[in-house]
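Undergrad: coords please:
(6 chains)
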There are 6 protein chains.
Amino acid sequence: MDKRTSITMSQTMMPTEANYAGNVHGGEIMKLMDRAAGAAARRYARSNVVTARVDEMQFLYPIFVGAFVICTATVAYVGNTSMEVIVTVDVEDLESEDPPVRALSAFFTMVALDKMGKPKKLPPLSPETEEEKRLFEEGRQRRLARQAK
Amino acid sequence: MDKRTSITMSQTMMPTEANYAGNVHGGEIMKLMDRAAGAAARRYARSNVVTARVDEMQFLYPIFVGAFVICTATVAYVGNTSMEVIVTVDVEDLESEDPPVRALSAFFTMVALDKMGKPKKLPPLSPETEEEKRLFEEGRQRRLARQAK
Amino acid sequence: MDKRTSITMSQTMMPTEANYAGNVHGGEIMKLMDRAAGAAARRYARSNVVTARVDEMQFLYPIFVGAFVICTATVAYVGNTSMEVIVTVDVEDLESEDPPVRALSAFFTMVALDKMGKPKKLPPLSPETEEEKRLFEEGRQRRLARQAK
Amino acid sequence: MDKRTSITMSQTMMPTEANYAGNVHGGEIMKLMDRAAGAAARRYARSNVVTARVDEMQFLYPIFVGAFVICTATVAYVGNTSMEVIVTVDVEDLESEDPPVRALSAFFTMVALDKMGKPKKLPPLSPETEEEKRLFEEGRQRRLARQAK
Amino acid sequence: MDKRTSITMSQTMMPTEANYAGNVHGGEIMKLMDRAAGAAARRYARSNVVTARVDEMQFLYPIFVGAFVICTATVAYVGNTSMEVIVTVDVEDLESEDPPVRALSAFFTMVALDKMGKPKKLPPLSPETEEEKRLFEEGRQRRLARQAK
Amino acid sequence: MDKRTSITMSQTMMPTEANYAGNVHGGEIMKLMDRAAGAAARRYARSNVVTARVDEMQFLYPIFVGAFVICTATVAYVGNTSMEVIVTVDVEDLESEDPPVRALSAFFTMVALDKMGKPKKLPPLSPETEEEKRLFEEGRQRRLARQAK
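TA: Reported below is the predicted structural model:
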């Protein structure tokens, strides 16, 4: 698979992003995930992109102030002008020995835009490994299911 | 339906929330929607709440800097400890005569928490009008579909 | 009265807007009131606007983090190129049954600007109900009093 | 006059504080003025303070991104538990030879709070120079006029 | 070398972090570097840390809005209660094929704190590879040079 | 010495700029110092400037939320196209009688840019007092030492 399909963004969560109980707001994490999805899609498309859909965003583990957050975005399926980007968030307590824990996952659908702001044809994605082929096929199935609704 | 099930948040979008092309970032809108979903859920539950899932978030219309944005969150279905909140975003150009346009919609699943941070039993929702009953039944169906995955 | 003379902005107050005692800073509320005054004035003038004066801003009730704040701006009096906008802030504790409480009020004077940044003539405001006529006349009196200083 | 009655805050205005035309929002300047009024009042009272009123805030000169802004807050009149703080804003274009220009002025009424959050008795202010005596007397007159409304 | 000595933080630079010419402010990058140095030091010390010094911060290449920024912090030398952390920033234009370019580098000295906020003894660092040994020795030399001033 | 070589920026530190222990982040202070260095350099050069280096930034005293911070930037040495700006930060507890304490100091090297973004020749600095001559000569020595590395 093209090396440019995956990107990682990471940061320490600050108090400005949390409620009074110390929990980081869901909205702050969504914003980080959207940025990572946008960066991965921009790198694949080599152009500006916009978010078209977000599906099955699941909050699996709470995130607290001070946590180190690792957000990974991978272009898994590419259609004509839109891409499915799988975004995951893992969280690590830097002051402990515990390994990172999966905190969120979601599917972002991103559309590439040309200089005029119109949808732009994407280069095809050619999955190579078994894992890449499985992700691509699952992305294609999800897209068909969404269009059928 | 209980008057407290619906809440509206509105604001003018600022340049700090946009990219260099003047489009407001998807992540900024998601953050606003999460705040509105949280406020509606808190008012229904009379307690702290957290976001558990977001589904079928659709971006239907672009939002530009200076737009007036009206975000409405309605508690449509209530289970044992979780609620489905329907969140919509309408956008109005204050300097024109044009009516507001639907820009986004999504389903948020929120969980009520007690003082110890544990899920808390919710008061049942009793839909009264035909519209309320339809929304409740649809929310119940979506929930069953998500659990079946 | 023209439907477009009044606008409501609402939001939940975040920890980033408060001091260490949990009180939301006066400056944060002023900023919200200025945004609402600007949005109402922009909708009335159908053009860009700037703030020219603020008078009699009264803090009647403290606002705490987590409160739901409802800011309403109403164009009450319209002169040649400037408008008086009455701005009120009500605050609601979403986790209680208590009704909203009036927290602030103020009078904003806004000036409409044309594309060159020069003051622009405004369409006249024709108050219809007794209440609208009273607000208009009071606004006119306050304006005369300010000019006499 | 007590050396601690006056304080100056200054900063360069950033793009995040402006609209798309490069004008700094009135609300951002109000926030800066409120911070300066609060700092001067805290230094005078040696305690926490809250804003009670803002009067006659006048915008005399527009402020653009990149401007150097000098905000001065002076405790001019002290009553039993409240103070009148005169706040002015001057603006300087750092890349020109032009002297600073007065951009805003306003009167802030601040109340000192004790550890329990209750209004706290203030030490009396003893104006010494003619200028201080004039400011004190004018502040006293404005306070009487506000109470008479 | 202990796997926990190095950490990477990455993000896309936003318009809120730039001047009107599109250049990201030096101050914003310094803030990111300080966060990364703090995260690496916290992971090494398994405790809270504070910044004690920053030396030889060099700006080698300008950073523009929209750039993808990769900030790496490595604990290179460990003394009794302080660590030297080498921080580098590389910048990548996601819409081009160009490889990342080194934009900044600096040496941060961080001190570990115990629960009482007092300096805390650190576990010794045992460099293993030739490269690690070289970095360690250079850090020790720099520290001696700073103490000699 | 030219009156325009020195500038002071001051502000109250807000909770958004601190960690959960109430300490203001080093990165926030660096950002303030960079802004002050930039303002002094812009005023001297009467043009846009960029940060080229930061050296010997020392954290001498912790800064807490609510502190009044006074940041002073002085152009001490001027070369052909670059300047050395000495930046100090003093901190004052407004609710006490204690005098301000030196919290940080650093040397910033700033480069003036012309309208095309190219380095621009600076007017020479003519130190007059003994103190100014000492600062100038020390700045010149530091510059030579950096170039020799």
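Undergrad: mind checking the SS state of the most centrally placed residue in chain A?
TA: Residue closest to the mean C-alpha point of chain A, counted by CA atoms, centre = their mean, is residue A:87 at 2.6 Å. Secondary structure, DSSP: H, G, I helix; E, B strand; the rest coil: residue A:87 is strand.
Undergrad: Next one: it from residue B:126, what distance?
TA: From residue A:87 over to residue B:126 the distance is 38 Å, taken as CB to CB, to the nearest Å. Glycine gets a C-beta too; all of them are placed from N, C-alpha and C.
Undergrad: circling back to that earlier point, make sure the residue nearest to the centre of chain A is actually in contact with residue A:33.
TA: Yes: taking CB atoms under 8 Å as the definition, residue A:87 is a contact partner of residue A:33 at 4.6 Å.
Undergrad: Overlap of the contact sets of those two?
TA: A:71, A:73, A:104, A:106, A:108 (CB atoms under 8 Å, 6 or more residues apart in numbering or on different chains).
Undergrad: Spatially nearest residue to the last one (excluding sequence neighbours)?
TA: Okay, so that is residue A:108. Excluding its sequence neighbours, the residue lying closest to residue A:108 (CB to CB, 6 or more residues apart in numbering or on different chains) is residue A:37, at 3.8 Å.
Undergrad: Tell me if the one you found really is in a helix.
TA: Yes: counting by three-state DSSP, residue A:37 is found in a helix.
Undergrad: What ranges in chain A fall below the confidence cut-off?
TA: Applying pLDDT under 70 to chain A flags residues A:1-4, A:16, A:19-21.
Undergrad: how far away is the residue nearest to the centre of chain A from residue F:113?
TA: Residue A:87 is 39 Å from residue F:113, by CB to CB.
Undergrad: and what of residue A:123?
TA: As judged by CB to CB, residue A:123 and residue F:113 stand 38 Å apart.
Undergrad: How about the secondary structure of residue A:138?
TA: helix.
Undergrad: isn't it right up against residue A:56?
TA: No: counting by CB under 8 Å, residue A:138 does not reach residue A:56; the two are 11.8 Å apart.
Undergrad: Once you drop chain neighbours, what's closest to residue A:101?
TA: With sequence-adjacent residues excluded and distances taken as CB to CB, 6+ apart, residue A:101 is closest to residue A:61, at 5.2 Å.
Undergrad: same deal with residue A:10?
TA: Spatially, and ignoring its direct neighbours in sequence, residue A:10 is nearest to residue A:70 (4.6 Å; CB to CB, 6+ apart).
Undergrad: Could you verify that the one you found is part of a strand?
TA: Yes: assessed by three-state DSSP, residue A:70 belongs to a strand.
Undergrad: ok, it - how many residues close by?
TA: Neighbourhood size, residue A:70 [other CB atoms under 10 Å in any protein chain shown]: 19.
Undergrad: cool, residue A:101 as well?
TA: 14.
Undergrad: likewise residue A:98?
TA: Residue A:98: 10 neighbours (other CB under 10 Å).
Undergrad: cool, residue A:110 as well?
TA: By other CB under 10 Å, neighbour count at residue A:110 equals 28.
Undergrad: May I ask which helix or strand encompasses it?
TA: Element membership for residue A:110 (DSSP states H and E) is strand A:101-112.
Undergrad: Could you pull out the helices in chain A for me?
TA: Assigned by DSSP state H, chain A shows helices spanning A:26-45, A:130-148.
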